[in-house]
Every structure is written in C-alpha cells, then in structure tokens.
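Asks: Mind folding the following:
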Amino acid sequence: MPVYTLEYQFNDQPRTFAIDLKQAHLPVHEAAMHLLQLHFGDGENSLMMPAADATHEEILQQAERVGLKQIRVIEGAMPTVHR
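Replies: Alright, predicted model coming up:
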C-alpha cells in the first residue's frame, strides 16, 4: 500500500498526517476529505462535513472554511513519528 504524507495548516498551525491507502494517486480534494474526517468526523461535528455530492472545489472550500489550508500531498513518503 502506498503511504501518503499530508502537510497542511490547521488553524494556522503546521501539521502532518500519514495515511496508507490502496490507491495509486491521492488528489488534494480527497486528502482534504481525509483531513475533514480526521478533525471533524465525529457525530457532534458532522455538520462540518461537505455534502455527499459535493464537487472537488466545494470540498476544498469547506476545508478552508474550517481552518484546513495549504494541503499538500507527498506520495510515497514514509510516515514521520512525532513524540
């Protein structure tokens, strides 16, 4: 499985997140969905999630509205361990 590292800003703080997926490429809008689920995916914050039929642009706009910005996908990167 490919490992992807997502570098992004969350509320103006730099963050990284590593994810293993069974796909050869991870578009930025799909990375944004993973980050939205990571930060807002619990039941109480489900209103933060875009509609199921949202376009790629709408997903990225929603991510930016809730503080997820400058999302960058690094393909084939190894996960970083933060202590």
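Asks: burial of the nearest residue in space to Gly41 that is not next to it in sequence, as a residue count?
Replies: If you skip the residues right next to it in sequence, Gly41 has Met49 as its closest partner in space, 7.1 Å away by Cβ to Cβ, 6 or more residues apart in numbering. Every residue, glycine included, has its C-beta placed from N, CA and C. By other Cβ atoms under 10 Å, 16 other residues sit near Met49.
Asks: And Met49, how far from Glu64?
Replies: Distance check for Met49 against Glu64: by Cβ to Cβ, to the nearest Å, it reads 14 Å.
Asks: Quick one: the strands in this protein, in order.
Replies: 3-10, 13-20, 68-75 (DSSP state E).
Asks: among those, which is the most enclosed?
Replies: By mean neighbour count, with neighbours taken as mean count of other Cβ atoms under 10 Å, strand 3-10 ranks first of these at a mean of 18.
Asks: quick one on the thing from earlier: output the strands of the chain as TSV; include the columns mean pLDDT and distance to Ala31.
Replies: Putting the strands of the chain into TSV (pLDDT from 0 to 100; distance: least, Cβ to Cβ, whole Å) gives the following:
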stretch	mean pLDDT	distance to Ala31
strand 3-10	95	5
strand 13-20	94	8
strand 68-75	96	5
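Asks: Which strands and helices lie in contact with the longest helix belonging to the chain?
Replies: In terms of residue count, the longest helix belonging to the chain (DSSP state H) is helix 28-40. Of the remaining helices and strands, those touching helix 28-40 by 3 or more Cβ pairs under 8 Å, 6 or more residues apart in numbering; DSSP states H and E are strand 3-10, strand 13-20, helix 56-65, strand 68-75.
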